[in-house]
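Q: got a sequence here, can you model it:
(one chain, ligands or ions: 1)
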Amino acid sequence: MIQLFHVSKAYGRCQALSDINLEIGKGEFVLLMGGSGAGKTTLLKLLFGGEQADEGQLLIQGQNIGKLSPREVPLLRRRMGIVLQDFRLLPKRTVYENVALPLVVAGASGADTRRKVSEALRSVGVEHKKEQLPPSLSAGEQQRVCIARAIVNSPLILLADEPTGNLDPHLTSEIIELFKMINARGTTVILATHDPQVMKQVNRRVVTMQHGKLVGDQRDGA
Ligand SMILES: Nc1ncnc2c1ncn2[C@@H]1O[C@H](COP(=O)(O)OP(=O)(O)OP(=O)(O)O)[C@@H](O)[C@H]1O
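A: Next comes the predicted model:
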């Protein structure tokens, strides 16, 4: 599903990623662990086409995504859902409108959009909030809406960058259960975090990064 061969990326003099080799199979749940500056966000950005690698090859379903033209990037992103720490919901659009956005952009019909948005909101437990604006929701609810937005297009791959970074331990636990449920339905999940609570709860493959290098790859939890 995802293959990285000798991938490197620098920002000026900062070597954010050095010679990364990694293969992730369909349906896996992979935790990307590592301290601040380890390169986790950079790796996720390469996967969703937010940055380009300087060297090496990145394949998703056999397609080399290292050399996509700007027009091809949106097509790549339709196969992915992305969840970030800081939500990035549109504050003046309702929950429903926020979740519908990826479908509207992809040109889905009205009926299809309504059905998929309701299904996504229901599966993360916030369907009753659909007419509200994001700022009126709690942090945990906002992150649920982000997850609904990320899965509304039935992505093959769900990428998450510190999705529980703004949440207390109880909410963290609830959000991690949602990722596990989404993974159990067949979506490949790659979740970057430095939080040991998340690692303990997920208990799956852990890829560890340090100073831009891959320094550990442990299958099926610690
Ligand atoms: N746009 C940028 N310009 C310059 N340097 C950058 C840029 N983005 C990241 N870096 C540097 O690349 C290195 C890796 O950063 P990255 O954000 O990938 O790490 P991270 O593991 O996600 O860390 P954190 O958990 O703090 O977000 C860091 O040293 C960072 O300062």
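
Q: in this protein, what residue spans correspond to helices?
A: Taking DSSP state H as the criterion, the chain contains helices spanning 40-47, 73-77, 95-105, 110-123, 139-151, 169-184, 196-202.

Q: so which of those comes closest to the ligand?
A: helix 40-47 (3.2 Å; C-beta to the nearest ligand atom). Any C-beta I mention is one placed from the backbone N, CA and C, and that applies to glycine too.

Q: tell me which residue is most central in the protein.
A: residue 159 (1.7 Å; C-alpha atoms, centre = their mean).

Q: contacting residues for that residue?
A: For residue 159, the contacting residues are 44, 47, 48, 80, 81, 82, 83, 190, 191, by C-beta atoms under 8 Å, 6 or more residues apart in numbering.

Q: again, only this time at 6 Å
A: 44, 48, 82, 190 (C-beta atoms under 6 Å, 6 or more residues apart in numbering).

Q: make a markdown table out of these and add pLDDT and neighbour count.
A: A markdown table is the format used below for the contacts of residue 159 (pLDDT from 0 to 100; neighbours: other C-beta atoms under 10 Å):
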| residue | pLDDT | neighbour count |
| --- | --- | --- |
| 44 | 95 | 21 |
| 48 | 89 | 19 |
| 82 | 93 | 22 |
| 190 | 97 | 24 |
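
Q: out of those residues, which touch the ligand?
A: Among these, no residue lies close to the ligand (C-beta under 6 Å from any ligand atom).

Q: which among those gets closest to the ligand?
A: Once C-beta to the nearest ligand atom is applied, the member of the contacts of residue 159 that ends up nearest the ligand is residue 44, at 7.8 Å.
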